[in-house]
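Q: structural data only, the sequence is not supplied:
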């Protein structure tokens, strides 16, 4: 339970507000780093109430998906959070603050001035609200209220805006940290825990992420009830939790549709329709390869994704020749097509994401040629090791997913 802080704006004979604000700045910087977002907000709201001698304080944060302000923390009007109050931007008191991006003061609180009945039912008489800004973007609203007929002043608004700036920075930092951890855990949980055992094949993988927020690259290796092996790599445009969530949905859809069809082009088309309907603003690329024992031929289809890289036992490496269809979610008049790729004994096939080849200092064609030269004959594990060492010599700057498949010598077929 947060404690009430005796930090108030200067009234007659009291300490200057600047001193109290300095105290607020100090505690937000040094004492709250271990709190999660909700506890952090509650703790800061207690300080806000003390600074402005207010009876209530609340924070509503903008939900990017719905466009509504959602009550995340409150002191004195905790019902806002318990009832999951949502306020559209532009509607009511908090909505006006968010829409204008400027402080708003109310000296009459009733159904004509605020959208949330909790506020006037609690007897709040005057209110002051300010936007939470990160740069020019509004991420939420901070408002305070008094039960007495004591209007908030211009100095009150200036002071609350400074507090809001500190609060917005703290909230964004904590949210980014939580999102980064959640994204990493989600991505890792969606990767195959154990690669399938396929007689006559070696399998090896790599999944590398930078220190910056990770994106939506993934790989998948699985078998279906028929015994067919499926190998997939894909990339969801963007970074962070949103990209990771979409990646999980696309991965699950591909697995589900592989139970309905053995044609990778048809599986990609079904997944594309799903993406177009449910994720219309997201760009996704993928490549699927599937084969039956003894794995001497793979059927491969791509959706806006670079083709597999092949290297026979006697080298040199080359890119598989196959039609590259549009990314998932893009409607096409012509049907998607798959191609048959031969897999001779001791050959290696590598599926990968573009983080392995893209560099700001060179063209994509140069990166692809560098990748081709980097792959040499050997085991699947050696292929992954050589590619990561030679292609990522300057570090990992984007997500990288790699799957290497090698057909044993003497497999037959």
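A: That came through, no problem. Fair warning: this is a prediction, and the values are worked out from it, not measured in the lab.

Q: report how many residues lie close to the residue lying closest to residue 68 once chain neighbours are set aside.
A: Using CB to CB, 6 or more residues apart in numbering and skipping the chain neighbours, the partner closest in space to residue 68 is residue 86 (4.4 Å). Yep, even glycine has a C-beta here, placed from its N, CA and C like the rest. When neighbours are defined as other CB atoms under 10 Å, residue 86 has 16 of them.

Q: check residue 361 too.
A: For residue 361, the neighbour count with other CB under 10 Å is 7.

Q: returning to what we had before: now the residue nearest to residue 68: phi and psi?
A: When quoted as degrees, to the nearest 10, the phi and psi of residue 86 stand at phi -130, psi 130.

Q: beta partners of it?
A: residue 70 (DSSP bridges).

Q: ok, it to residue 66 distance?
A: From residue 86 across to residue 66, the span is 7 Å (CB to CB, to the nearest Å).

Q: likewise residue 275?
A: Counting by CB to CB, the gap from residue 275 to residue 66 is 21 Å.

Q: residue ranges with poor pLDDT in the stretch 51-200 of the chain?
A: For the stretch 51-200 of the chain, applying pLDDT under 70 flags the ranges 174-191.

Q: mind listing the strands for it?
A: With DSSP state E, counting those that start in this stretch as the criterion, the stretch 51-200 of the chain has strands at 56-62, 68-75, 86-88, 104-106, 126-134, 137-146.

Q: same question for the stretch 301-413 of the chain.
A: 309-311, 318-319, 324-325, 339-342, 348-352, 400-407.

Q: of all the ones you listed, which one is nearest residue 361?
A: When those are compared by CB to CB, strand 400-407 sits nearest residue 361, at 17.3 Å.

Q: and that closest one, average pLDDT?
A: Mean per-residue pLDDT for strand 400-407: 94.

Q: pairing partners for that strand, with directions?
A: strand 201-208 (antiparallel), strand 348-352 (antiparallel).

Q: nearest residue to the middle of this protein?
A: The residue lying closest to the centre of the chain (CA atoms, centre = their mean) is residue 241, at 1.9 Å.

Q: before we move on, which element is residue 45 in?
A: Using DSSP states H and E, residue 45 sits in helix 37-52.

Q: measure the closest residue in space to residue 209 that isn't next to it in sequence to residue 366 for me?
A: Nearest residue to residue 209, sequence neighbours excluded (CB to CB, 6+ apart): residue 399, at 5.4 Å. Look at residue 399 and residue 366: by CB to CB, they are 21 Å apart.

Q: out of those two, which sits in the busier spot?
A: Neighbours per residue (other CB under 10 Å) separate residue 399 from residue 366, with residue 399 holding more: 25 against 12.

Q: which ones are touching the more buried one?
A: By CB atoms under 8 Å, 6 or more residues apart in numbering, residue 399 lies in contact with 207, 208, 209, 210, 214, 215, 216, 217, 235, 353, 355.

Q: no further questions, thank you.
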